[in-house]
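Based on what follows, work out the 3D shape:
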Amino acid sequence: MLATLADAAFNRSDWLFEIKWDGYRAIAEVGPRGVELYSRSQISFNAAYPAIVKSLRQLDRRAILDGEIVVLDDRGRSRFQLLQKYRKHGTGTLVYYVFDLLEVDGRDLRNEPLHFRQQELKSLIRGLPGIALSEGVAERGIEFFGAAVDLGLEGIIAKDANSPYREGRRSRYWLKIKTHNRQEAVIGGFTAPRGSRAHLGALVLGVYDGPDLVYIGHTGGGSSDKDLADLRQRLDPLIQKPCPFRQRPKVNAPVQWVSPQLVCEVSFQEWSEGGRMRQPIFVGLREDKPAVSVHRERPVVPDRIDA
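Residues are numbered from 1 along each chain as shown. Below is the predicted model:
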């Protein structure tokens, strides 16, 4: 189940408000044959996060859980960049924050209300190291969002406490409200480095509009020479002659086009009238998202939401 972007925080009875974790969304299937931890696009996380797999093995129950793999900083805040570094160096506080329970011991819970599923989930995971329930507050979404802003968090998730779980669907039972603009983007090309910068210059970014890749802007990629080198190593095998965009972007430097397979996360100030991101900043690569699933997010108005 996926959340729909909303344009503002709100208060509402029978709704729950949780932290929007800045990590990798992950499903965990636990059963007699072991644990399978994987992304929405079916990419296995077992080898990358063995500590989570080891902890889930202690359940000794059959269950399917939904949650987010994160790495926390010293203030308990999840940071996507820390998660990227953890995959390379294994340092940081790794946590699997779970927020939903789809099945337990062969019993399908997806049509049960969210508040019931979370109560079952809280009891199920109690005492498991590195596994935590993503808890929030009821009704007071505006206050909770204000606290998220003060703490420098990515945002909050609002959920209808009586809602079912709709697998694979983007639903308005779940809404995400961001403290600043973030957008997933597909890398369609890159420019050569300039000055003292090494390995590559700017990433040329797009989103899908139906079957077409549409240009939304360009940004520098990576925060260090090592990050840039790693990114260039990922891009080189994807180099191609044809431009992958529906219309060839106007970029102020020669572009090396690539097959549109890599997805990154970008923060930015605002959208221009022409559909470009203003002042985009590269956050990191997303290992858990297929490129064809990346579209421009357009917020809905909470007061007009029908699930």
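
Confirm Ala148 sits in a helix?
Yes. Remark: Ala148 belongs to a helix, assigned using DSSP: H, G, I helix; E, B strand; the rest coil.

looking at it, it is touching Trp21, isn't it?
No. Taking C-beta atoms under 8 Å as the contact criterion, Ala148 and Trp21 are not neighbours in contact, 11.4 Å apart. Any C-beta I mention is one placed from the backbone N, CA and C, and that applies to glycine too.

excluding its backbone neighbours, what's nearest Tyr215?
Of all residues not flanking Tyr215 in the chain, Pro249 sits nearest, at 4.0 Å (C-beta to C-beta, 6 or more residues apart in numbering).

Can you tell me the SS state at Asp227?
In the three-state summary, Asp227 is assigned as helix, counting by three-state DSSP.

Can I get whichever strand or helix holds Ile216 as PDB, trimmed to CA atoms?
Under DSSP states H and E, the secondary-structure element containing Ile216 is strand 212-220. Below are the C-alpha coordinates for strand 212-220, written out as PDB (Å, rounded to 0.1, in the frame of the first residue of the first chain):
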ATOM      1  CA  ASP A 212       7.600   8.700 -22.000                       C
ATOM      2  CA  LEU A 213      10.500  10.000 -20.000                       C
ATOM      3  CA  VAL A 214      10.100  13.800 -19.400                       C
ATOM      4  CA  TYR A 215      12.900  16.100 -18.400                       C
ATOM      5  CA  ILE A 216      12.500  17.800 -15.000                       C
ATOM      6  CA  GLY A 217      16.000  19.400 -14.400                       C
ATOM      7  CA  HIS A 218      19.600  18.600 -13.700                       C
ATOM      8  CA  THR A 219      21.700  18.500 -10.500                       C
ATOM      9  CA  GLY A 220      25.200  17.600  -9.300                       C
END
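
In contact with Pro32, which residues?
Neighbouring residues of Pro32 by C-beta atoms under 8 Å, 6 or more residues apart in numbering: Arg62.

The same query, at a cut-off of 6 Å, please.
Contact partners of Pro32, counting by C-beta atoms under 6 Å, 6 or more residues apart in numbering, are absent.

Can you find the helix or strand in the chain with the smallest mean pLDDT?
Each helix and strand of the chain was given a mean pLDDT (mean pLDDT, DSSP states H and E); the minimum falls on helix 80-89 at a mean of 84.

how much does the following helix or strand past it deviate in direction from helix 80-89?
Tracing the chain C-terminally past helix 80-89 and defining elements by DSSP H and E, one meets strand 93-104 next. Taking axes from the mean of the first three to the mean of the last three C-alpha atoms, to 10 degrees, one finds that strand 93-104 is oriented at 100 degrees with respect to helix 80-89.

And strand 93-104, what's buried?
Applying a neighbour-count criterion of 16 or more other C-beta atoms under 10 Å, one finds 94-104 buried in strand 93-104.

Tell me the one of these nearest Asp60?
Ranked by distance to Asp60 (C-beta to C-beta), the buried residues of strand 93-104 are led by Val104 at 12.1 Å.

what sits up against stretch 89-96?
Outside of stretch 89-96, the residues that reach it under the criterion C-beta under 6 Å, 6+ apart are 52, 67, 69-72, 82, 86, 130-132.

Distance from it to the middle of the chain?
Centroid displacement of stretch 89-96 relative to its chain, using C-alpha atoms, centre = their mean, to the nearest Å, is 17 Å.

Stretch 71-84 now?
Average the C-alpha atoms of stretch 71-84, do the same for its chain, and the two points are 13 Å apart (C-alpha atoms, centre = their mean).

Stretch 216-228 too?
From the chain centre to the centre of stretch 216-228 is a distance of 19 Å (C-alpha atoms, centre = their mean).

Kindly check the end-to-end length of that stretch for me.
As for stretch 216-228, its first-to-last residue distance stands at 21 Å under the measure C-alpha to C-alpha, to the nearest Å.

average model confidence for it?
The average pLDDT within stretch 216-228 is 82.

ok so, going back, what about the residue nearest to Tyr215, how many neighbours?
Residue neighbour count, defined by other C-beta atoms under 10 Å, stands at 19 for Pro249.

chain center to the strand or helix carrying Arg234, what's the gap?
Under the assignment given by DSSP H and E, the secondary-structure element containing Arg234 is helix 225-235. Distance, stretch centre to chain centre, for helix 225-235: 21 Å (C-alpha atoms, centre = their mean).
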